[in-house]
Each structure stands twice: as structure tokens, then as C-alpha cells.
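**Q** fold the following and give me the result.
(chains A and B)
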Amino acid sequence: MSILPLVWLGVLAYYRQSRSATWWALALVLSVSWIADTVAHWVDPWLVSTTYPLVQALVWAFVLLPSPALWRFVAALAVTAGIAVALDGIGRPDVFVRTVAWTGLVILAWPHRQLRAPMAVTFGVGWLAWIAYSIAPGWATWVAYQGVRAVGLGVFCWATAPQLARAR
Amino acid sequence: MILQGATEPVLLEVFVALIKFVGAPAATAFGFIWLMRKAILPKANGASQAAQTKEIVQHLDTKLTGHFDQLRRDLSITIQRETENAVTKYLFGIWQSKEQQRR
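**A** Residues are numbered from 1 along each chain as shown, chains lettered A, B, ... in the order given. Have a look, this model is predicted:
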């Protein structure tokens, strides 16, 4: 499901509707979870699920942040990873890592007005949905979380859709 | 009394669960937002941007002042030379005409 934004931008580019590098970067960030799902077939799924939000934040920071701020952000993510390792067994490292990484993603995207909606839905509401799932793991909360992700991808496609298609 | 005794631990458990599952992530998120704004993101807005603009304007002002000062000096020298040449030419003309009259 998360590969959809990359496919969508590819289709748009094929029809000479190219979008800026920032949109491609966001599509790449979203597709990290698809890569993580694939990698989880060979690596411990819990480890993959806990670490992929950090990779998303890293990719996003490499695109949006200038050099000194980038290295400070990378240091903050490294500290987060360290704390997550320390939390193993006594807390919820997955919630902690998602909280830091996804908050960072939304903050970095916030100055870009057009990126706010897809980021706020996917990583803001998505974060709340993940907390709900972590409180009460089950089909209902899992479907709710996946539903939020699907809506986030839909908002991405809507925001990058050609003007003519939107006007109809 | 028995009912109160039974509900108190449940309320406490709910309170602890709320802090653990909702309060902790929310506090982490707000803490990270604060950290990002204070220590991570570049200071390129608000007062610092105004200071940068002021610095650029001052730099331009200094450069332009220097440039126009040089132009003024060049023009003064040109006018001085032209005047000296004109006066010399005038005096030479008078001297030449007197020499012709003497001959």
C-alpha cells in the first residue's frame, strides 16, 4: 500500500505532470514502511517495526535540513535509538521511537504548506492510531491504524493530482 | 465503605494507565517539539531574519558609499584637470597673441 505514492508520481511523470523533488522525497519516506514490510520477512518483524520510523525521519531530514541542523537531528535520532534500546523490557520502545520520529517528520514538513495535510494525517493522526493500537491491540485498532494510513496516502495523491482532475 | 474500597484501586489503575499510555507519548512529543525548536532547527526566521536583512542593507550601504565616494573623487580630479588645461590654454593664447603683436 505504501508504494502507491511512488507509483502515482511515476504515472504523473509519464503523463508529463512532473512534481517537485520534495513530493518525491515524501513518497520515498512513505514507501519506507513498504520496504520495512518486505524486510520483515527475513528480519525480526518487531525490530523492523521499531526502527523503520527512524529511517523515515532520516530520509526526510536529509532532504529538508541544511547541514548543521541535519547533524543535530541525526544525533537526536541516535539518542532516541539508544533510549529505545534501554527501554526494551521496561517500556514501549516502539511507541517512543514512533513518537519522536513522526513528530520530527511533521515538524520538518510544517513550513511547507502543501505538505501539511498528508503529513498531519499520515504521521499525526497515524501516531494517535498507533497509540490506540498499542493500548488495545486487536483487529479493530489495527484496521483503524491501517485506515488512517490509507487516508494519508489518499491525501497525498489528492494533493499531487493534476489541477484539471481536481476541478472536475 | 466496601464499594469505595473496591473502586479506588480501579481508578488508580486507570489513572496510571492514562499516564503511561497517553501522557508519556504526549509528553515525549511536546518535549521533542520543544527540543527541535530550541536546539535542532536552524534559526532562520523572526528576529534573526530581520538582523540578517539589516546586515545586508548595511553592507550594501557601505559598498555603495565607497563606490560613490570614488566616483566623486574621480569627477573632482577630472574637473580640476579640465579647468587647469582650459586656463593654461587661455593663458597660452594670450601669451601667443602678445608675441604676435610684439613681432
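**Q** number of nearby residues for residue 70?
**A** Went with chain A since none was named. Residues near residue A:70, counting by other CB atoms under 10 Å in any protein chain shown, number 17. Any C-beta I mention is one placed from the backbone N, CA and C, and that applies to glycine too.
**Q** looking at chain B here, not the other one
**A** Residue B:70 has 10 neighbouring residues, counting by other CB under 10 Å.
**Q** in terms of helices and strands, where is it?
**A** Residue B:70 belongs to helix B:47-102 when assigned by DSSP states H and E.
**Q** so where's chain B shaky on pLDDT?
**A** Chain B contains residues with pLDDT under 70 at B:1-9, B:44-50, B:52.
**Q** how is it partitioned into domains?
**A** Domain assignment for chain B by automatic domain parsing gives B:1-41, B:45-103.
**Q** and those, which is most packed in?
**A** Among these, domain B:1-41 has the highest mean neighbour count (mean count of other CB atoms under 10 Å in any protein chain shown), at a mean of 13.
**Q** is that domain positioned near chain A?
**A** Yes. For domain B:1-41, a contact with chain A is found by CB under 8 Å from any CB of the partner chain, at B:17, B:21-22, B:24-25, B:28-29, B:32-33, B:35-37, B:39-41.
**Q** elements contacting the helix holding residue B:70?
**A** Where contact means 3 or more CB pairs under 8 Å, 6 or more residues apart in numbering or on different chains; DSSP states H and E, helix B:47-102 is not packed against any helix or strand.
**Q** which of the residues of domain B:1-41 next to chain A fall in helices?
**A** B:17, B:24, B:25, B:28, B:29, B:32, B:33, B:35 (DSSP state H).
**Q** give me the contact list for stretch A:65-72.
**A** A:61, A:62, A:73, A:108, B:39, B:40, B:41, B:42 (CB atoms under 8 Å, 6 or more residues apart in numbering or on different chains).
**Q** with just CA atoms, put stretch A:39-56 into PDB.
**A** What follows is stretch A:39-56, C-alpha atoms only, in PDB (Å, rounded to 0.1, in the frame of the first residue of the first chain):
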ATOM      1  CA  VAL A  39      12.400  -6.800   5.000                       C
ATOM      2  CA  ALA A  40      10.300  -8.200   7.900                       C
ATOM      3  CA  HIS A  41      10.000 -11.500   6.000                       C
ATOM      4  CA  TRP A  42      13.700 -12.200   6.800                       C
ATOM      5  CA  VAL A  43      14.400 -10.000   9.900                       C
ATOM      6  CA  ASP A  44      12.700  -9.900  13.200                       C
ATOM      7  CA  PRO A  45       9.400  -8.100  12.500                       C
ATOM      8  CA  TRP A  46       9.300  -6.300  15.900                       C
ATOM      9  CA  LEU A  47      12.800  -4.900  15.300                       C
ATOM     10  CA  VAL A  48      11.900  -3.700  11.800                       C
ATOM     11  CA  SER A  49       8.600  -2.200  13.000                       C
ATOM     12  CA  THR A  50      10.500  -0.300  15.800                       C
ATOM     13  CA  THR A  51      13.300   1.000  13.600                       C
ATOM     14  CA  TYR A  52      11.700   2.000  10.300                       C
ATOM     15  CA  PRO A  53      10.200   5.300  11.600                       C
ATOM     16  CA  LEU A  54      13.800   6.400  12.400                       C
ATOM     17  CA  VAL A  55      14.800   5.600   8.700                       C
ATOM     18  CA  GLN A  56      11.800   7.700   7.600                       C
END
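**Q** would you mark the buried spots in it?
**A** Neighbour counts over stretch A:39-56 (16 or more other CB atoms under 10 Å in any protein chain shown) mark A:48, A:49, A:50, A:51, A:52, A:53, A:54, A:55, A:56 as buried.
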